[in-house]
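S.K.: Sharing a sequence plus its predicted fold:
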Amino acid sequence: MPDLPLHLWYSITNLGGAGLTLPLAIAIALWLLAGYSWRMAASWLMLLGAAIGLVTLTKIAFLGWGVGVRSFDFTGLSGHAMTSTAVYPVAFFLMLQGVRPTLRAAGVGVGLAIGVVVAFSRVVVDAHSPSEAVTGCIVGALTALVFVRYWWEARSGRISTAVVALSLAAITFSLHNVRVPTHRWVTNIALTVSGHDQPYVRARWKANRTIRTPGTPTAPISQTRDTLTPPAQRHA
């Protein structure tokens, strides 16, 4: 990867943020509903929802109970890596309807490449470990490829490729810097279901050190993973 300035890596990492990828996913579902069928739209939302659920469960498991893999520095799937590798390939698949199969497959490949670059950016900005970025990519890629493979033969003449492309591009440009506090929401859920006052954090978890606080017999001290990482970018 090129040695880019840090602000450019943050710009790349924003391509995987929930404030952008989730609206894109919804727009894709609406186009699928309008141009193909409700089954196609529903299958897309179900696959993506299952992947998002898996990401959320791994994060809750770590934040609430410290469940992870220390040897791989794994504390949960990267949400940015997962959503980018899931959403962008399907976006290209939709935008390239009606073109030659090889060109459409190349478009899906470009979408996957975007997801990989986003995943790499999560490691560069110190928001995730390599294992978290890679596993997030794998889950996202499987989500996209299962959908694309199942619906590869689907045909539609009811929607304009140009209009679809323009609408998805407009969403990408307009929402590129929109940030959603997903990490805070997941942390609140984890604390609620675990009954702890403080979430597990990477540094103390790796050192295997915990302290006692009132009402939480084994709750660790809460601290940010890296004060240089913007809150909206951590662990998403």
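M.R.: Arrived safely.
S.K.: Show me what counts as buried in the longest helix along the chain.
M.R.: Looking only at the chain and at elements set by DSSP state H, the helix with the highest residue count is helix 38-65. Buried residues in helix 38-65, counted by 16 or more other Cβ atoms under 10 Å: 40-41, 43-45, 47-48, 51-52, 54-56, 58-64. For glycine as for every other residue, the C-beta is placed from the backbone atoms N, C-alpha and C.
S.K.: same check, this time on stretch 188-203
M.R.: Applying a neighbour-count criterion of 16+ other Cβ under 10 Å, one finds Ala190, Leu191, Ser194, His196, Gln198, Pro199, Tyr200, Val201, Arg202 buried in stretch 188-203.
S.K.: which one of those residues is nearest Ala133?
M.R.: Arg202 (14.2 Å; Cβ to Cβ).
S.K.: how much space between the closest one and Arg179?
M.R.: Arg202 sits 21 Å away from Arg179 when distances are taken as Cβ to Cβ, to the nearest Å.
S.K.: try Ser131
M.R.: With the distance defined as Cβ to Cβ, Ser131 ends up 24 Å from Arg179.
S.K.: mind listing the helices for the protein?
M.R.: Along the chain, counting by DSSP H, helices occupy 6-13, 18-35, 38-65, 79-95, 101-124, 130-150, 161-174, 182-194, 202-207.
S.K.: how much does the fourth one deviate in direction from helix 161-174?
M.R.: Calculated by axes from the mean of the first three to the mean of the last three Cα atoms, to 10 degrees, helix 79-95 forms an angle of 160 degrees with helix 161-174.
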